[in-house]
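S.K.: Sequence and predicted structure, then a few things I'm wondering about:
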Amino acid sequence: MDAFKGILLREQDRKVSSAVETLTRDQLPPGDVLVRVSHSTLNYKDGMVLNGIGRLVKTYPHVPGVDFAGVVEASTSPDWRAGDRVVLTGWRVGEWRWGGYAQYARVRPEWLVRLPDGMTAERAMAIGTAGFTSMLAVMALERHGLKPGDGDVLVTGAAGGVGSVAVALLAKLGHRVVAATGRPETHEYLAGLGASGFVDRAELAQPVTRPLQSERWAAAVDSVGSTTLATVLTQLRYRGAVAACGLAGGADLPASVIPFLLRGVALLGIDSVLSPLPERRIAWDRLARELDPALIDGMVQVIGLGDLPAYADRILKGQVRGRIVVDVNP
Ligand SMILES: NC(=O)c1ccc[n+]([C@@H]2O[C@H](COP(=O)([O-])OP(=O)(O)OC[C@H]3O[C@@H](n4cnc5c(N)ncnc54)[C@H](OP(=O)(O)O)[C@@H]3O)[C@@H](O)[C@H]2O)c1
């Protein structure tokens, strides 16, 4: 029996609707590796896809889910064998290609990463694309020269998925982390992840009126963009850097070049989707070693496929705390 469950998006009159449907393996796209998916996650981008926002999906019907973890069921690639435990993030899976919100996925071998020893599929998805992106951001800041003891590191959108993992990672690595959030009720949660101080996100979201403000941050991880990122640039210390990961507050950047010219600050772009395989392997290995599993477990809520539409709306409204794991098996 090769029938299985998945979320299928359909488009009619430019409106996108979703339903849990029964699919068969011959409906899956071509690819060398068939993966039995056990867990996926809900990322901000999934919220956009589920609501048909941003024309991220090229053709319908479509199975969303930009990441998944599971076990190889069958492979014609020499790189993978049945029984291998794998994780996938990015590569436009869940956007241009069918994704992880189904019990099976068929993909290209080069998109998969072996799950680090000891990391369960559920925990890998608790980290997911958001956590993987946080790791890439931390690695970029380290390449720029950031070391523990350099000074306060700001994390914006701190109670969200990228933000939560960034707080936990940076604190574990020995940095003093300041969390910017619009939800004071998450302070206790963020302190538990390792945040030592807090900033009200409204303070950072004001339009920039002065090209330079007092130097506050040795570095920053930003998942908000827009006026928030512009403000962070004006507050970075001399030769500090901000890793720009997201656009939860807007895709624009109303900034001036003065911080670059007078303080030599750096704006580091983070893209997780096309991150090359060697970088992926390093990032997942570090996530396995450097993130406290208990902290990860504490930032997770597990939902089923049928819960996704409601949670998609919540993540777009900034109402999700931490990470949402999707157990694709009812
Ligand atoms: N570059 C990449 O490869 C990559 C990968 C993954 C995600 N991303 C991007 O990163 C961003 C965060 O993703 P996520 O999965 O962490 O989403 P998320 O869980 O929804 O977190 C976003 C957080 O941003 C804050 N926020 C929301 N709306 C805001 C607004 N209007 N102004 C200021 N802050 C706002 C909220 O934090 P508080 O409640 O704490 O204020 C929210 O929890 C998204 O834009 C996503 O597309 C990029």
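M.R.: Yep, that arrived. Numbers count the residues shown, from 1 in each chain.

S.K.: Can you report how many residues neighbour L112?
M.R.: By other C-beta atoms under 10 Å, the residues close to L112 number 24. The C-beta positions use only the backbone N, C-alpha and C, and glycine is treated the same way.

S.K.: Distance of it relative to A69?
M.R.: 10 Å (C-beta to C-beta, to the nearest Å).

S.K.: Find residues that contact each of those two.
M.R.: 86-88 (C-beta atoms under 8 Å, 6 or more residues apart in numbering).

S.K.: Out of the residues you listed, which comes closest to L291?
M.R.: V87 (14.1 Å; C-beta to C-beta).

S.K.: would that closest one count as being in a strand?
M.R.: Yes. Under DSSP: H, G, I helix; E, B strand; the rest coil, V87 falls within a strand.

S.K.: That one is in contact with V113, isn't it?
M.R.: Yes. Counting by C-beta atoms under 8 Å, V113 is a contact partner of V87 at 5.3 Å.

S.K.: Now do the shared contacts for these two.
M.R.: W284.

S.K.: higher neighbour count, those two?
M.R.: V87 (25 against 19).

S.K.: So the more buried one versus K147, what's the distance?
M.R.: 29 Å.

S.K.: likewise A266?
M.R.: For A266, the distance to K147 - C-beta to C-beta - is 15 Å.

S.K.: Which one of those two is surrounded by more residues?
M.R.: Set side by side, A266 and K147 show more neighbours around A266, with 19 against 12, by other C-beta under 10 Å.

S.K.: hang on, that one packs against A241?
M.R.: Yes. The pair A266 / A241 is scored as a contact, 4.0 Å apart, by C-beta under 8 Å.

S.K.: Could you tell me which residues touch both of those two?
M.R.: Common neighbours of A266 and A241 (C-beta under 8 Å, 6+ apart) are H144.

S.K.: Just give the closest residue to the residue in the stretch 101-250 of the chain that the ligand sits nearest to, not the sequence neighbours.
M.R.: Of all residues in the stretch 101-250 of the chain, G160 sits closest to the ligand, at 1.8 Å by C-beta to the nearest ligand atom. In this structure, G160 finds its nearest non-sequential neighbour in S223, 6.2 Å apart by C-beta to C-beta, 6 or more residues apart in numbering.

S.K.: go on, L9?
M.R.: H62 is the one closest to L9 (C-beta to C-beta, 6+ apart), at 4.5 Å.

S.K.: Which residues of the stretch 151-300 of the chain lie near the ligand?
M.R.: With C-beta under 6 Å from any ligand atom as the criterion, the stretch 151-300 of the chain meets the ligand at residues 157-163, 181-183, 201, 205, 223-224, 228, 245-249, 270-273.

S.K.: Among those residues, which are located in strands?
M.R.: Members of these lying in strands (criterion: DSSP state E): T181.

S.K.: now the helix or strand hosting Y189: mean pLDDT?
M.R.: Element membership for Y189 (DSSP states H and E) is helix 187-193. Confidence for helix 187-193, expressed as mean pLDDT, is 96.

S.K.: Equivalent analysis for stretch 159-169, please.
M.R.: 95.

S.K.: now swap in stretch 65-75 and tell me
M.R.: 98.

S.K.: so how far is Q235 from L204?
M.R.: Applying C-beta to C-beta to L204 and Q235 gives a distance of 8 Å.

S.K.: What is the neighbour count of D26?
M.R.: 6.

S.K.: can you pull out the strands in the stretch 1-150 of the chain?
M.R.: Applying DSSP state E, counting those that start in this stretch to the stretch 1-150 of the chain gives strands spanning 3-12, 15-24, 33-42, 67-75, 85-89, 104-107, 113-114.

S.K.: Also the stretch 201-330 of the chain?
M.R.: Counting by DSSP E, counting those that start in this stretch, the strands of the stretch 201-330 of the chain are 217-222, 236-244, 266-269, 300-304, 323-327.

S.K.: Good, wrapping up.
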